[in-house]
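Asker: what follows is a predicted structure for the sequence shown.
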Amino acid sequence: MTNIKLMIKQTHFFLLFLFLMSCASPQKSFNKGDYAKAYKSALKNLKKGKKNRKDKTILNKSFQQIYDEKQADIASLMGSSFIEDWELAYKEYGELLDYYDDGRQYLDDKYSIKMKFVDEDSKKLGDDIALSYYELGLDQMALFRESNNKLHAQDANVYFQKVVAYGGAQADLDALLQVSYEQGIVQILVEAYAPFEQRYNWEIDRQFSDIERESSGFYVYSYERVLTEPDCSMQIDLSSIDRRVDEDRNFQTFTEQIQDGYDSRTDTSGVTTRVPRYIDVQGQVTTISENITYRWRAAVSFRGNREYCDFRSRNFEAEEIVRNERYELSGDQRAIPDRYNRDNYSSEDQDDIVDELLDDLYRDIRRSYF
């Protein structure tokens, strides 16, 4: 009975401790100046249905501190002439509105008017940012028309995308987005040459045509297509396949006793019987182990306007090693075990090797440029 009372008492203490901790946690965070944490902790308690006046007080006091800090940060950022700082101010507005929306039902009524002005200021700032990016986009398109430099069209497209993100609704925005994207596209023609291995042209084309899948953003890759004036040409020159054989020989001699006819024997009673005659035979096996190393090299080079075609030429090499084992037999083959009399073992398949080499080359080239 004493133990049961002790357990009940300990449970009561534990529950009281948890209650005190839940109450103290928001206050503790507030005292440390971590108003965001204090706000979230108090709000969490309130949403759980805990009707604790202290939580509501901490929630409101924390929100006031958050409000003051955000407004000070916004005022500082809005004093800048850089649009990037305005975007940070817009983000601060958004975070403040999020705090308010999360705890609106528990916050004092006085904040409804304040936050209405915050919302209006946020929308106005978003409109100003959108308009600024719209004007920057127009400036870049004007530069593109003067110089025909696709980088200006690309920058314009990025700015127009920003206009959309900030809710801009200019009448010609969709058309400007399309035109700036189309004018900013960089066409890259990819060609592969294998003058010494023309029999594998189909395999080469099958593998490297996958490069078209790497098209993204403003960069469009075309493999072996007819392009009037590509902005950049990527040429892949494949060497002949180098095949080197390293050979090792091992000699073995096998001796076997085999039956070689019969001898006739007559016993003392005149009875003649046939007795098997055995002889020893020898055969030799030469085991030839081959390590065949295949190497295929690719030289990648580029030609074109360096503003769009700023890639470094590089050399690549793929290697595959095949291990073969074959046998040469001599002497009396009746002495040689059956395992050596079967077809010679070989794992070499030239077409499979070519596919593996091309896979390796393509993977390395893809990793380097895309």
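Answerer: Yep, that arrived. If you're wondering where the values come from, they're calculated on a predicted model, not measured in any experiment.

Asker: drop to CA atoms for contacts and neighbour counts, all remaining ones
Answerer: Will do.

Asker: what's A194 sitting at in phi/psi?
Answerer: Backbone dihedrals for A194, given as degrees, to the nearest 10, come out at phi -140, psi 70.

Asker: which residue is the nearest non-sequential neighbour of it?
Answerer: Excluding the flanking residues, the one nearest A194 by Cα to Cα, 6 or more residues apart in numbering is L238, at 4.8 Å.

Asker: quick one: contacts for that neighbour?
Answerer: If you count contacts by Cα atoms under 8 Å, 6 or more residues apart in numbering, L238 has them with A192, Y193, A194, P195, W296, R297, A298, A299.

Asker: for these, pick the one with the most neighbours.
Answerer: Neighbour counts for these, by other Cα atoms under 10 Å, peak at A298, which reaches 23 neighbours.

Asker: which element is that residue on?
Answerer: Secondary structure assigned from DSSP states H and E places A298 in strand 272-304.

Asker: buried ones in that strand?
Answerer: Neighbour-count burial for strand 272-304 flags 281-287, 289-290, 292, 294-300, 302-304 (criterion: 16 or more other Cα atoms under 10 Å).

Asker: and for stretch 223-234?
Answerer: Of the residues in stretch 223-234, Y223, P230, D231, C232, S233, M234 count as buried by neighbour count, 16+ other Cα under 10 Å.

Asker: farthest pair within the residues you listed?
Answerer: The span of these, defined through Cα to Cα, is set by Y223 and D231 at 13.8 Å.

Asker: tell me, what's touching those two both at once?
Answerer: With contacts defined as Cα under 8 Å, 6+ apart, the residues adjacent to both Y223 and D231 are L189.

Asker: what about the strands in the stretch 251-370 of the chain?
Answerer: Secondary structure of the stretch 251-370 of the chain (DSSP state E, counting those that start in this stretch): strands located at 272-304, 314-331.

Asker: got TSV for the ones you listed, with mean pLDDT and distance to D242 too?
Answerer: Shown next, in TSV, are the strands of the stretch 251-370 of the chain (pLDDT from 0 to 100; distance: least, Cα to Cα, whole Å):
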stretch	mean pLDDT	distance to D242
strand 272-304	91	5
strand 314-331	91	9
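
Asker: tabulate these (a markdown table), appending distance to A175.
Answerer: Below are the strands of the stretch 251-370 of the chain laid out as a markdown table (distance: least, Cα to Cα, whole Å):
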| stretch | distance to A175 |
| --- | --- |
| strand 272-304 | 29 |
| strand 314-331 | 40 |
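
Asker: those: which one's closest to D246?
Answerer: Using Cα to Cα, the nearest of these to D246 is strand 272-304, at 5.1 Å.

Asker: after the helix or strand of the chain with the lowest mean pLDDT, which helix or strand is next?
Answerer: Here the helix or strand of the chain ranked lowest by mean pLDDT, DSSP states H and E is helix 2-31, holding a mean of 58. Downstream of helix 2-31, the next assigned helix or strand under DSSP H and E is helix 35-47.

Asker: buried residues in that next one?
Answerer: Within helix 35-47, the residues scored as buried using 16+ other Cα under 10 Å are Y35, A36, K37, A38, Y39, K40, S41, A42, L43, K44, N45, L46.

Asker: chain center to whatever helix or strand comes next after that helix: distance?
Answerer: Next helix or strand after helix 35-47 toward the C-terminus (DSSP H and E): helix 53-78. Centre-to-centre, helix 53-78 and its host chain are 41 Å apart (Cα atoms, centre = their mean, to the nearest Å).

Asker: tell me the pLDDT at S346?
Answerer: At S346, the pLDDT value in this model is 54.

Asker: sketch out the low-pLDDT regions of the stretch 151-300 of the chain for me.
Answerer: Applying pLDDT under 70 to the stretch 151-300 of the chain flags no residue at all.

Asker: the helices in it, which residues?
Answerer: Counting by DSSP state H, counting those that start in this stretch, the stretch 151-300 of the chain has these helices, from start to end: 173-184, 201-208.

Asker: now do the buried residues in the shortest one.
Answerer: By neighbour count with 16+ other Cα under 10 Å, helix 201-208 contains the buried residues I204, F208.

Asker: residues in contact with L173?
Answerer: Neighbouring residues of L173 by Cα under 8 Å, 6+ apart: F160.

Asker: for L227, which non-adjacent residue is spatially closest?
Answerer: Nearest non-adjacent residue to L227 (Cα to Cα, 6+ apart): L189, at 7.4 Å.

Asker: now the angle from the helix or strand where L136 lies to helix 53-78?
Answerer: According to DSSP H and E, L136 maps onto helix 110-147. Using axes from the mean of the first three to the mean of the last three Cα atoms, to 10 degrees, the inter-axis angle of helix 110-147 relative to helix 53-78 is 30 degrees.

Asker: other SSEs contacting helix 110-147?
Answerer: Counting by 3 or more Cα pairs under 8 Å, 6 or more residues apart in numbering; DSSP states H and E, the packing neighbours recorded for helix 110-147 are helix 83-103, helix 150-165.
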